[in-house]
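Undergrad: Give me the fold of what follows.
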Amino acid sequence: MLFRGPCKQLDGDYVAFLGTTETYGRFVEEPFPQLVESQLHVPCVNFGVVNAGVDLYLNDPAVMDLVIQAKAKVVQVMGAQSMSNRYYSVHPRRNDRFLKASEQLEELFPEVDFTEFHFVRHMLGRLAEVSQDRFAQVVDELRLAWVARMKNMLTQIRGQVILLWFSDHPIPEDDTPDMRQDPLFVTRDMVDTLRPRVSQVVELISSEAARMEGTAGMVFSDFESCVAVELQGPRAHAEAARDLVDVLRPMVGGTPVLD
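TA: Next comes the predicted model:
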């Protein structure tokens, strides 16, 4: 796996950040892990990967070893769709890529030709259109798999772990699937199940001011504009960094930044 630079020296204390597109900071020059480092004055290692799911980390022992050695860990809540499960498999590194439907899924949706799908979200959207009842069975499986994999990962990395919800909306209370929201299919009950395995759950919701800025300050091509508009911008990352510094400083120390 290749991660966002710059390279870090890992022979002392550092904070490891795991997560998906927001942690990586797609289209953002200074994502929140970098901003945390500049305020905390402790090395922060960005292990975020665009469209990552939990499996990406569980299947990479070298990365897991580096995360385990970190003084503190920040784990972004990732979507439940980006993992292989008993209904379908995803690419081991590009977790948004759909590889193959299982026999169970083909039997559940016999009218669907799964060879036409390349991306998980496209495939799931089609299943929802065909049958909400059968789609609900798939979502139930994804949620069960997500909780089990997250428990596994959090048990392995242990130590001081912050579970981070970073989005433009609160953690959903309702378990009704909404394909428009990210992280996909994750509910408050699922997050609460993980609380005994982490030091703290931090729910960061971007402000209205940050949402109103849209793509201001982001770096992207015209071709990527439709993707950029769906992601968190620089102001939201600055807000996230500010709140995370307050939580991380008691865990790792660091030099306070004077106003």
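Undergrad: what's the single longest helix in this protein?
TA: For the chain, the helix with the greatest residue count under DSSP state H is helix 132-157.
Undergrad: Tell me the first helix or strand C-terminal of it.
TA: Sequence-wise, the next helix or strand beyond helix 132-157 is strand 161-167, with elements assigned using DSSP states H and E.
Undergrad: angle of that next one against helix 132-157?
TA: 140 degrees (axes from the mean of the first three to the mean of the last three Cα atoms, to 10 degrees).
Undergrad: one step back: how about the longest helix of the chain, which residues are buried there?
TA: Judged by neighbour count (16 or more other Cβ atoms under 10 Å), helix 132-157 contains these buried residues: 135, 138-139, 141-143, 145-147, 149-150, 153-154, 157. Using the backbone N, CA and C atoms, a C-beta is placed for each residue, glycine as well.
Undergrad: can you tell me the average pLDDT over that helix?
TA: The average pLDDT within helix 132-157 is 97.
Undergrad: Can you name every helix or strand that that helix contacts?
TA: In terms of contacts (3 or more Cβ pairs under 8 Å, 6 or more residues apart in numbering; DSSP states H and E), helix 132-157 is packed against helix 54-58, helix 61-68, strand 72-76, helix 103-108, helix 120-130, helix 188-193.
Undergrad: which of these is buried the deepest?
TA: strand 72-76 (a mean of 25; mean count of other Cβ atoms under 10 Å).
Undergrad: Return the member of the buried residues of helix 132-157 nearest to L40.
TA: When the buried residues of helix 132-157 are compared for distance to L40, the smallest value, 19.5 Å, is given by I157; criterion: Cβ to Cβ.
Undergrad: so who does the residue nearest the centre of the chain touch?
TA: With distances taken as Cα atoms, centre = their mean, the chain has M78 as the residue nearest its mean C-alpha position (3.0 Å). Contact analysis of M78 by Cβ atoms under 8 Å, 6 or more residues apart in numbering lists 19-20, 52-54, 183.
Undergrad: if you set the cut-off to 6 Å instead, what comes out?
TA: Taking Cβ atoms under 6 Å, 6 or more residues apart in numbering as the contact definition, M78 lies against 20, 53, 183.
Undergrad: So for it, what pLDDT did the model give?
TA: Residue-level confidence at M78 comes out at 98, pLDDT.
Undergrad: what secondary structure does it sit in?
TA: Remark: M78 carries the secondary structure label coil [criterion: DSSP: H, G, I helix; E, B strand; the rest coil].
Undergrad: Double-check that M251 belongs to a helix.
TA: Yes - according to three-state DSSP, the state of M251 is that of a helix.
Undergrad: Use 243 as the first number from now on
TA: Okay, residue one is now 243; in that scheme the one you just asked about reads as M493.
Undergrad: quick revisit: please compute how far the longest helix of the chain lies from its chain's middle.
TA: Using Cα atoms, centre = their mean, to the nearest Å, the mean C-alpha position of helix 374-399 is found 14 Å from that of the whole chain.
Undergrad: Give me the neighbour count for the nearest residue to T457 once chain neighbours are set aside.
TA: Distances taken as Cβ to Cβ, 6 or more residues apart in numbering put A470 closest to T457, at 4.9 Å, once the chain neighbours are dropped. By the criterion of other Cβ atoms under 10 Å, A470 has 17 neighbours.
Undergrad: give me phi/psi at A470?
TA: Backbone torsions for A470, taken as degrees, to the nearest 10, come to phi -60, psi -40.
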